[in-house]
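Visitor: sequence first, then the predicted structure, then my questions.
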Amino acid sequence: MTRTLKDLAPGDSARIKFVSGNGSIRRRIVEMGLVPGVELTMERYAPLGDPVEIKSQGFHLSLRKVEADTIFLESIDGGE
Amino acid sequence: MNRKNMVIALAGNPNSGKTTIFNALTGARQHVGNYPGVTVERREGRLKYKDHEMTIIDLPGTYGLSAYSPDEVVARQVIVEEKLDLLVNIVDASNLERNLYLTMQLKELEVPLILVLNMADVAERNQVKINYELLAQLLGVPVIRAVGSKNEGIYDILEAVVNYSSHQPGSRERQVRYRPEIENELMRLQGELPIVKTAAQEAAAQTDSLASTSLPSRWQLIKLLENDRELIRQTSANTDGQNIVSKATESRARLAKVLGEEPEIALVEDRYAYIRGICREACQRSALDKATLTEKFDNILLNRILGIPIFLGFMWLLFQLTFTLGSPPMEWIDAGVASLGDWLNAHMAEGMVRSLLVDGIVGGVGGVIVFMPNILLLFLGIAFLEGTGYMARAAFVMDQVMHKAGLHGKSFVPMLIGFGCSVPAIMATRTLENPRDRLVTMLVTPLMSCGARLPVYSLLIAAFFPTQMGGNVLFSIYMLGILMAIIMAKVFRTWLLPGDTEPFVMELPTYQLPTIKSILIHMWERTWLYLKKAGTIILAVSIIMWALFSFPAQDSQGEEWETPTVALENSYAGQLGRFIEPVFNPLGFDWKTSVALVAGMGAKEVVVSTLGTLYSIEDTDALAEEEAEATTGFAERAREQSGYSPLIAYVLMVFTLLYVPCMASIAVMKRETNTWKWPLFTIGYTIVLAWAVSFLVYRGGLLLGLGV
C-alpha cells in the first residue's frame, strides 16, 4: 500500500520516497527541501482540518492536503 | 577590500532575519522605493564604517533563484546587474539545510560572498552545534555568527566586509557537483559557450538586459537546463543565443530520458544532497528532540479548538486597543487643530485667503491628522504581528476559509494589511504567485476597512452612538467588510476568473520577539505612506473642495449671497450634491452627504474633512453668537447640524466602507495590473455593491424600527 503525507497522523514520522505531481508546484515542494530520503513529522492539522503542518530538518512547513497527497512516503525503517 | 565606496546586497530566505540585520546595520538611514517596472520593494540604506562608505541593498527574501516570483527575478537581477562589491547571505542557523539551498545558488553566480549565520542563539538553544571554521572551509566563504535581534555579530559582519579578499581559498571551486549525467551535459554545452559570450557582448552594446553582463557561464547553463523562462527569454534575444537554447533543450530531453526525471528536479535533489554532505560534517544535531519554544507556542496558538478563537481574539484586541488607546492623543490633536483655526481667525483679516487657510487647509488636513494616533497604533499592531511570525499562523488557521472563498491562505495577509492601508496591501499581493489568485485578492482587498476609513467611523460613532457601544459598532463594520470580501472573492473566482488556485506551501517561521527598532521602522514606513497621501492628495482634494464650496461667490446679478446657507446651496458643490442626491435618497442621505461621498472618492478621509468644511463654513454664520461653538469638537458639530439618526449614520459607514477605494489605491492597482481595466472595474463594482448593501441595511433597519 502506498502512503502519502495526507495519510500521516499527527505525531507520526516517515521518510519521503518521491514527490509526484507536475511542473512548478512539484518544484516548489522539492525546492523547500522535501527531497527523497528526507524525514518528516506530521505536526498537526489546521483547526478547520486543512492545511497541515509538517516538521522537517528543523523547520515547519504548511501544505494543503491536495499537495500533501503528492508526497509519497515510506516508513523510516524501510517499509512502505 | 579597500574600496572607498562599496555596494553590498543582503540576500536570504524569508524569515532569516535579513531585515533585522539590515536595520541593525543602517538604522534610520534607509530608503524604500520600488524596482522599476515591478512592485517589489527596494530597500536601500547607507552606512559609514572606518573609511568606507557603504550602500546596502536589502534584497527581497527568496528561497531560491528560479524565476517563479517577481521577488526572485528582482533578487537575481540586482546580483547580476548592479555590479555588487559583495553579497552578504543571511541564513537562519537553526534551519541550515534549507537556507543553504539559496547559498549554493548564490555560489554558482560567482560573486564575492560572505555567509552570516543569523539567529545562532536559536540554533544553540535547539542543540544544533555548528563548526563555523569547517563550514567556511567546506563552502569556501567566510562564515560569521550573528544574532541580529540582539545586535550580536554586526561588527563582525562589517569587519568581514572590509577585510574580504577575493583570493578566498575555494571561493570558486566549492560549488555543487551534480550527478555525472548532468555534469556531462554541462560540459557538452560549455563547448557551445564562446558563441554565447560573443552574443552576450553584442547584446551588451545594444541593450541593458541580463545577458549583457558577463554571467558565469556555468550558472547560465544550469539555468537553461532548468528550463528557466526568464533566462531562456533573454538568451534567445539573438540567433547565437537561440542556438544554445535549442542545444540545452536537447540536453534536457536526453537527461529526462536517462534520469527518468525532470532535470530541474534532479538538480534540486543534487543540491540538497551536496548540502546534506556539508551539514553532516559541520553541524551536529543532538539526538535529543525536545519541543522547541515555537512548538510549545503553536501547540496552543494553532490548537484545533483554540486556534480560531485565539486568532479572532487577536484581531478583536488589535482593533479595541487601536480605538481605546488612540482616543486621548486624538483629543489633544483635535484641540490643537481647533485652536490653530481660532488663532488664524483672530489674527487674519477676513477674506478669501483666511477662508482658504482656515476652512480649506487647516480644516481639511487637520481633520485627517487628528486620526494619526489611531493609524499609528493600527500599523504598530500589524508590524508586531508580522514581526513575531504570527501572521503566517493566521494564514494557516484561515486557509480553509479563504480557500473556500476561492482565495489562498496567503491572501489573508494582504487583506489583513488592508486594515491598515489598501496601498501596501495591494503591493503585498505580490506574494501570491498565481496571477488569478493575486488579481482576485487585489480586487477584494479594498473591501477590508483601511485606516483612512477609520476617521469616518470614529466621527460618526462619536456623534451618534453611546461610548460603550462604539467598539461593537466599529467591530461590526470591520466584520461586514470581511464578509463582503469573502462573498465577492467567491463570485469573482466562480464567474470572472475561474481556474486553479495556487499551491499552499508556506513556512511557519520560528517565533521571535521583534526588535523595537524593526517595529518602529516598519510602522513608520507604512504611516509615512499614509501621511504622504494626507499631505498631497488630500490637501489637493481639500483645496478643490473648498473652491467648489466657496464659488461662485456671487449670484448672477453680481450680488453677494444673502446667507451662507444660500451660498452653500448655490455653490458648485451644492449644485453637484443636489444633482446626484436622488441616487442617494433611497439610502437616507441628504445632499451634503452626497457631496462628501463624491469628494471621498479621492481619499476616504476626505469624507470627514468635507463634512468638516461644510460645517465650518456654516459655522462662520453662527460664530458671532456662538463663540464656544467654534471650539467644540468636530464630532459634536456633526451631530448637531446633520440631524441624522444613528441608522443613517450606520448606513453612511457601510457605504464608506464599501465604495470606491481611494485614488492612491486605484493608481497602485493600475501599476500592479499594468492596465486600467481592473482599477476601473473595481470602481464600478464597489459603487454598485456599496449602494446595494447600504440600501438593504437602511430599508432593513427601517423595517426593524431602528430609524429613530
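Guide: Noted; the coordinates are in hand. For clarity, every value in this text was computed on a predicted model and none was experimentally measured. Numbers count the residues shown, from 1 in each chain, chains lettered A, B, ... in the order given.
Visitor: please make it C-alpha for all contacts and neighbour counts, starting now.
Guide: OK.
Visitor: helices and strands around the helix or strand containing B:L377, which ones?
Guide: Counting by DSSP states H and E, the element that carries B:L377 is helix B:372-388. Applying 3 or more C-alpha pairs under 8 Å, 6 or more residues apart in numbering or on different chains; DSSP states H and E, one finds that helix B:372-388 contacts helix B:307-347, helix B:516-533.
Visitor: between those, which gets nearest to chain A?
Guide: Across those, chain A has its closest neighbour in helix B:307-347 (6.1 Å, C-alpha to the nearest C-alpha).
Visitor: what's the spacing between A:V19 and chain B?
Guide: In this view, A:V19 and chain B are 10 Å apart by C-alpha to the nearest C-alpha, to the nearest Å.
Visitor: was I right about that residue contacting A:D69?
Guide: No. Look at A:V19 against A:D69 with C-alpha atoms under 8 Å: they stay out of range, at 9.1 Å.
Visitor: more neighbours, these two?
Guide: Counting neighbours by other C-alpha atoms under 10 Å in any protein chain shown for A:V19 and for A:D69 shows that A:V19 has the greater number, 22 against 18.
Visitor: run through the bridge partners of the more buried one.
Guide: A:I71 (DSSP bridges).
Visitor: does A:P47 count as helix, strand or coil?
Guide: Here A:P47 is recorded as coil under DSSP: H, G, I helix; E, B strand; the rest coil.
Visitor: isn't it right up against B:P309?
Guide: No. Look at A:P47 against B:P309 with C-alpha under 8 Å: they stay out of range, at 10.1 Å.
Visitor: so between the two, which is more surrounded?
Guide: A:P47 (20 against 13).
Visitor: and the contacts of the helix holding B:L377?
Guide: The contact list for helix B:372-388 (C-alpha atoms under 8 Å, 6 or more residues apart in numbering or on different chains) reads B:318-319, B:321-323, B:325-327, B:329-330, B:391-392, B:417, B:420, B:451-452, B:454, B:511-514, B:518-520, B:522-524, B:526-527.
Visitor: residues near the closest residue to B:E152 other than its chain neighbours, how many?
Guide: Leaving aside its chain neighbours, B:E152 sits nearest to B:A146 (5.3 Å; criterion: C-alpha to C-alpha, 6 or more residues apart in numbering or on different chains). Residue neighbour count, defined by other C-alpha under 10 Å, stands at 25 for B:A146.
Visitor: repeat for the one 5 residues further on
Guide: Applying the criterion other C-alpha under 10 Å, we find 15 residues in the vicinity of B:N151.
Visitor: how about it, nearest residue that isn't a chain neighbour?
Guide: B:A24 (6.6 Å).
Visitor: now swap in B:C662 and tell me
Guide: Nearest to B:C662 is B:A603, by C-alpha to C-alpha, 6+ apart, at 4.4 Å.
Visitor: hang on, the one you found packs against B:M663?
Guide: Yes. When contacts are counted by C-alpha under 8 Å, B:A603 is listed as touching B:M663 (6.2 Å).
Visitor: buried stuff in the helix ranked longest in chain A?
Guide: Secondary structure of chain A per DSSP state H: the longest helix is helix A:23-31. Neighbour counts over helix A:23-31 (16 or more other C-alpha atoms under 10 Å in any protein chain shown) mark A:25-31 as buried.
Visitor: any chance of those in a markdown table, with pLDDT and distance to chain B too?
Guide: What follows is the buried residues of helix A:23-31, written out as a markdown table (pLDDT from 0 to 100; distance: C-alpha to the nearest C-alpha, whole Å):
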| residue | pLDDT | distance to chain B |
| --- | --- | --- |
| A:I25 | 82 | 6 |
| A:R26 | 87 | 8 |
| A:R27 | 87 | 6 |
| A:R28 | 86 | 8 |
| A:I29 | 89 | 7 |
| A:V30 | 91 | 7 |
| A:E31 | 90 | 6 |
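Visitor: between these, which is nearest B:G588?
Guide: If you rank these by distance to B:G588 using C-alpha to C-alpha, A:I25 comes first, at 51.2 Å.
Visitor: how far does the helix or strand harbouring the residue nearest to B:N151 sit from its chain's centre?
Guide: Here B:A24, judged by DSSP H and E, is contained in helix B:18-26. Mean-position distance between helix B:18-26 and its chain equals 18 Å (C-alpha atoms, centre = their mean, to the nearest Å).
Visitor: ok, and the closest non-adjacent residue to B:V32?
Guide: In space, and not counting its chain neighbours, B:V32 is closest to B:R43: 4.5 Å by C-alpha to C-alpha, 6+ apart.
Visitor: that neighbour belongs to a strand?
Guide: Yes. Counting by three-state DSSP, B:R43 is part of a strand.
Visitor: since we're on it, how many residues are nearby?
Guide: By other C-alpha under 10 Å, the residues close to B:R43 number 18.
Visitor: thought it was touching B:Q30?
Guide: Yes. B:R43 is in contact with B:Q30 according to C-alpha under 8 Å; the separation is 7.0 Å.
Visitor: report the contact partners of the closest residue to chain A within the stretch 551-700 of chain B.
Guide: Among the residues of the stretch 551-700 of chain B, B:T673 lies nearest to chain A; the distance is 22.3 Å by C-alpha to the nearest C-alpha. If a contact means C-alpha under 8 Å, 6+ apart, then B:T673 has B:L439 as its contacts.
Visitor: thought B:K410 was touching B:L432?
Guide: Yes. At 6.9 Å, B:K410 counts as touching B:L432 under the criterion of C-alpha under 8 Å.
Visitor: what is the burial count for B:D240?
Guide: Residues near B:D240, counting by other C-alpha under 10 Å: 19.
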